[in-house]
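J.: Can you look at this prediction? I've put the sequence above it.
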Amino acid sequence: MFTYTTSGTCSKEITFDVKDGKLYNVKFTSGCRGNLQGVSRLVEGRTLDEVEALLSGVQCRNNTSCPDQLSKAIAAYKKSVADK
């Protein structure tokens, strides 16, 4: 399970699992419950690269959004794996 602390959004944290380069079990802590459940379901089983490209730059407030923060979480995950 990878954990990412968000910035500039109502959600405070994102957790997810990665298996074979695909996202699973995406969970947001706080934020707009219904919307974030929808985002989590829509990205389930998609590749990291696909989700990162799709959600990067989506803006809500503070020049970011919960979907944009998920793209940043994916980038952070990829960096953490590359650094090992």
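T.: Yes, it's here. Source: prediction; values computed, not measured. Numbers count the residues shown, from 1 in each chain.
J.: so what's the backbone phi/psi at the spatially most central residue of the chain?
T.: Closest residue to the average C-alpha location of the chain: residue 70 at 2.0 Å, with C-alpha atoms, centre = their mean. Main-chain dihedrals, residue 70, degrees, to the nearest 10: phi -60, psi -40.
J.: likewise residue 23?
T.: Phi and psi for residue 23, reported as degrees, to the nearest 10, are phi -80, psi 140.
J.: quick one: contacts for it?
T.: When contacts are counted by C-beta atoms under 8 Å, 6 or more residues apart in numbering, residue 23 touches 16-17, 43-48, 51, 74. All C-beta spots, glycine's among them, are computed from the backbone N, C-alpha and C.
J.: who does it bridge with?
T.: Following DSSP bridges, residue 23 is listed with bridge partners residue 18.
J.: pLDDT at it, what is it?
T.: At residue 23, the model reports a pLDDT of 98.
J.: Now do it against residue 3, distance only.
T.: 14 Å (C-beta to C-beta, to the nearest Å).
J.: neighbour-wise, which of the contacts of residue 23 leads?
T.: Among the contacts of residue 23, residue 74 has the most neighbours (other C-beta atoms under 10 Å), with 27 neighbours.
J.: how much space is there between that one and residue 4?
T.: Residue 74 sits at a distance of 9 Å from residue 4 (criterion: C-beta to C-beta).
J.: Can you identify each of the helices in the chain by residue range?
T.: 33-43, 48-55, 66-82 (DSSP state H).
J.: Including mean pLDDT and distance to residue 11, could these go into JSON lines?
T.: Shown next, in JSON lines, are the helices of the chain (pLDDT from 0 to 100; distance: least, C-beta to C-beta, whole Å):
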{"stretch": "helix 33-43", "mean pLDDT": "95", "distance to residue 11": "6"}
{"stretch": "helix 48-55", "mean pLDDT": "98", "distance to residue 11": "13"}
{"stretch": "helix 66-82", "mean pLDDT": "97", "distance to residue 11": "5"}
